[in-house]
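**Q** Sequence first, then the predicted structure, then my questions.
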Amino acid sequence: MQVVVLAGGIGSRLRPWTNDIPKPLLPMLDLTLLERVIEGVPSDLVDELIVAGGYKIDLIKDYFRKSDVDFDVRIVPEDEPLGTGGALGNCRDVVSGRFACFNGDIVSSLNVAPMLEQHSKMGVKGTLALWEVEDPTRFGIVGLDDDNRVTQFKEKPKPEEVFSNLINAGSYLLEEEVFEIMPKGKHSLERDVFPVLAEEGSLAGFPFEGY
């Protein structure tokens with residue numbers, strides 16, 4: 001399975017560290033942030049890592065060329081900011097079949113194996129990892145039915161619009177059919193894609209615990 005990491009930002013909130021190092025290569029203990037992001041995917045499931053990146057991508061290429069990893073690494077350059085949807089859409093020519101997708105700064109205890117099992121059983125186009133929070137107004141919130149199918153998705157709701165404390169945790173399993181409903185150019189997965197999938201009943205949620 002291919003794994004796409006959306007890592008187009010310049011890491012401005014982490015300056016001065018990111019003046020010289022792209023955020024995906026910042027060290028977290030003995031690995032880079034990028035390696036931490038994908039460590040919840042069992043290594044035997046990963047064929048290729050695709051990095052949708054726009055900042056200091058040559059350093060990312062150099063790092064993985066010298067690293068001893070068990071998968072191929074491909075960089076898909078983002079020449080201008082495209083948003084989460086546009087960055088993923090930019091990869092449509094190199095992604096096929098079922099794939100995992102992660103926001104580039106998500107570090108969690110998510111184990112993708114049981115999430116993948118649920119995704120396969122439900123036959124959906126997308127499954128979102130979900131996390132429970134007290135105040136969901138800064139996130140995308142998700143309504144689930146008893147079968148873990150997503151009934152609603154709303155990005156950054158106002159307090160009076162909150163219908164769930166489960167939020168989008170920035171980790172997804174998707175089928176390549178999602179590209180068919182994605183507009184070209186700059187757009188948002190959270191505002192332009194997930195609500196459409198939820199409305200057609202082809203989006204599932206996978207709540208997890210840990211960190």
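**A** That came through, no problem.

**Q** pull the helix or strand with minimum mean pLDDT from this structure.
**A** In the chain, the helix or strand scored least confidently by mean pLDDT, DSSP states H and E is helix 57-66, which has a mean of 81.

**Q** mean confidence score for the helix or strand just after that one?
**A** Counting by DSSP states H and E, the element after helix 57-66 in chain order, helix or strand, is strand 72-77. Average pLDDT, strand 72-77: 84.

**Q** Okay, buried residues for strand 72-77 please.
**A** By 16 or more other CB atoms under 10 Å, the buried positions in strand 72-77 come out as Val73, Arg74, Ile75, Val76. Any C-beta I mention is one placed from the backbone N, CA and C, and that applies to glycine too.

**Q** Spatially nearest residue to Trp147 (excluding sequence neighbours)?
**A** Actually, residue 147 is Asp. It isn't Trp. Sequence neighbours aside, Met122 is the residue nearest to Asp147 in space, at 7.6 Å (criterion: CB to CB, 6 or more residues apart in numbering).

**Q** so the one you found makes contact with Gly205?
**A** No: Met122 is beyond contact range of Gly205, at 10.2 Å (criterion: CB atoms under 8 Å).

**Q** Spit out the residues that contact the two alike.
**A** Listed as contacting both Met122 and Gly205 by CB atoms under 8 Å, 6 or more residues apart in numbering are Asn148, Arg149.

**Q** Who has more neighbours out of those two?
**A** More neighbours surround Gly205 than the other of Met122 and Gly205, with 26 against 15 (other CB atoms under 10 Å).

**Q** Helix or strand: which one has the more buried one?
**A** Per DSSP H and E: strand 203-207 holds Gly205.

**Q** Would you format the buried residues of strand 72-77 as CSV with distance to Gly201 included?
**A** CSV is the format used below for the buried residues of strand 72-77 (distance: CB to CB, whole Å):
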residue, distance to Gly201
Val73, 35
Arg74, 33
Ile75, 35
Val76, 30
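
**Q** Which elements pack onto the strand holding Gly205?
**A** helix 112-122, strand 126-132, strand 140-144, strand 150-155 (3 or more CB pairs under 8 Å, 6 or more residues apart in numbering; DSSP states H and E).

**Q** right, so of these, which gets closest to Glu180?
**A** The closest of the helices and strands packed on strand 203-207 to Glu180 is strand 126-132. By CB to CB, the value is 12.4 Å.

**Q** now the angle from that closest one to strand 140-144?
**A** Interaxial angle, strand 126-132 versus strand 140-144 (axes from the mean of the first three to the mean of the last three CA atoms, to 10 degrees): 100 degrees.

**Q** pull the CA atoms of strand 126-132 into CSV?
**A** Extracted in CSV, the C-alpha atoms of strand 126-132 (Å, rounded to 0.1, in the frame of the first residue of the first chain):
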residue,chain,number,x,y,z
GLY,A,126,-12.6,6.6,3.1
THR,A,127,-12.1,5.9,6.8
LEU,A,128,-11.0,8.7,9.2
ALA,A,129,-9.1,8.1,12.4
LEU,A,130,-11.1,9.9,15.2
TRP,A,131,-10.1,11.3,18.5
GLU,A,132,-12.3,12.5,21.4
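
**Q** what comes up buried for that strand?
**A** For strand 126-132, burial by neighbour count (16+ other CB under 10 Å) applies to Gly126, Thr127, Leu128, Ala129, Leu130, Trp131.

**Q** I'm done for today, thanks for sticking with me.
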